[in-house]
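Visitor: Sharing a sequence plus its predicted fold:
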Amino acid sequence: MAAAEKIAKAIATRVDAEEALKEAESEERKAYREAERNGWTKTELNKLKPVKKRHTPQQKKNTARAEDTSHTSSDNSANNTAQTAESSPASSTTQHGVMTNV
């Protein structure tokens, strides 16, 4: 029951924050319109807006992954050999099928 109450409280907090954001955005739009009426240009006002920064994904350094790399490379070579063997009969069948259709 406590978990459900915690979820409900979190949702209510989020909803309140979303409503506050909408209100703040509305006030911001009003302030920009008023500034334009007072002689500010859109170019000047755009300089006041914050620049959105791109978040670059950070690579996690995991030592276990380095160990897995050597293991998977041997698996990959075995898989490549199996795929090569499988692709050869399929290509000859395809060629044979093409010949019979000609």
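Guide: Nice, thanks for sending it over.
Visitor: Quick one: the helices in this protein, in order.
Guide: Using DSSP state H, the helices of the chain run over 2-37, 42-46, 63-101.
Visitor: What mean pLDDT does the longest one get?
Guide: The one in question is helix 63-101. Helix 63-101 carries an average pLDDT of 50.
Visitor: Same question for the first one.
Guide: Rounded to a whole number, the mean pLDDT of helix 2-37 is 96.
Visitor: helices or strands up against it?
Guide: With contacts taken as 3 or more CB pairs under 8 Å, 6 or more residues apart in numbering; DSSP states H and E, helix 2-37 sits against helix 42-46. For glycine as for every other residue, the C-beta is placed from the backbone atoms N, C-alpha and C.
Visitor: Can you name the residues in contact with the helix it packs on?
Guide: Helix 42-46 is contacted by residues 32, 35-36 when judged by CB atoms under 8 Å, 6 or more residues apart in numbering.
Visitor: Which of these are buried, as a PyMOL select command?
Guide: To isolate the buried subset of those in PyMOL, counting by 16 or more other CB atoms under 10 Å, use the following:
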select buried, resi 32
